[in-house]
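**Student:** Provide a 3D model corresponding to the input given below.
(one chain, ligands or ions: 1)
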Amino acid sequence: MPAPATGPRTCPLCAEPVDDLYTAIAYGDRGAPAHFDCIVALLGEREELEEGARLCYLGGGSFGIVQMRASARSGDRGGTLLIHKRIEVEERDSAPAWREELRLPMPERRVNVAASEVAASEEVPCR
Ligand SMILES: [Zn+2]
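**Tutor:** Numbers count the residues shown, from 1 in each chain. Coordinates of the predicted model:
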């Protein structure tokens, strides 16, 4: 895999500089750092959200369209977070140069290990 070209840290979505690379999301073929908020806005436009569904960051460069469902048991204040759709924004195992420079350990990677096989929906406990 060729090393991604380094260059100005400019968000490919809004063309503004990306000051905070720690929250940036690698986007596009070259994995350019994009503002987290720009990715959220992009996905919000692209995806149709049903009533009660919202977009949230699942970690590891992926977002999901999720819906909270209250627990069926009365008195249980927990609920279930239903993930309707998982959107991988970052390529799995992508390691853009700008992130290497940050020496980020990518602690969230493990979240994706089992979840990538999920096609339509999955349920995870959520408090
Ligand atoms: Zn931006």
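**Student:** which stretches of this structure aren't confidently modelled?
**Tutor:** Applying pLDDT under 70 to the chain picks out residues 1-8, 74, 76, 103-127.
**Student:** so what sits opposite residue 88 in the bridge?
**Tutor:** residue 62 (DSSP bridges).
**Student:** next, count neighbours for it.
**Tutor:** Residue 88: 16 surrounding residues under other C-beta atoms under 10 Å. Where you see a C-beta, it was placed from the backbone N, CA and C, and this is true even at glycine.
**Student:** buried ones in stretch 84-91?
**Tutor:** Neighbour counts over stretch 84-91 (16 or more other C-beta atoms under 10 Å) mark 85-86, 88-90 as buried.
**Student:** ditto for stretch 20-35
**Tutor:** 24-27, 31-35.
**Student:** wait, which of these is closest to residue 53?
**Tutor:** Closest approach to residue 53 among the buried residues of stretch 20-35 (C-beta to C-beta): residue 25, at 20.5 Å.
**Student:** can you tell me the SS state at the closest residue in space to the closest one that isn't next to it in sequence?
**Tutor:** Closest residue to residue 25 apart from its sequence neighbours, by C-beta to C-beta, 6 or more residues apart in numbering: residue 39 at 4.8 Å. Here residue 39 takes the helix state, with states given by DSSP: H, G, I helix; E, B strand; the rest coil.
**Student:** so residue 39 makes contact with residue 27?
**Tutor:** Yes. When contacts are counted by C-beta atoms under 8 Å, residue 39 is listed as touching residue 27 (6.4 Å).
**Student:** give me the common contacts of the two.
**Tutor:** Here residue 39 and residue 27 have 13, 89 as joint contacts, going by C-beta atoms under 8 Å, 6 or more residues apart in numbering.
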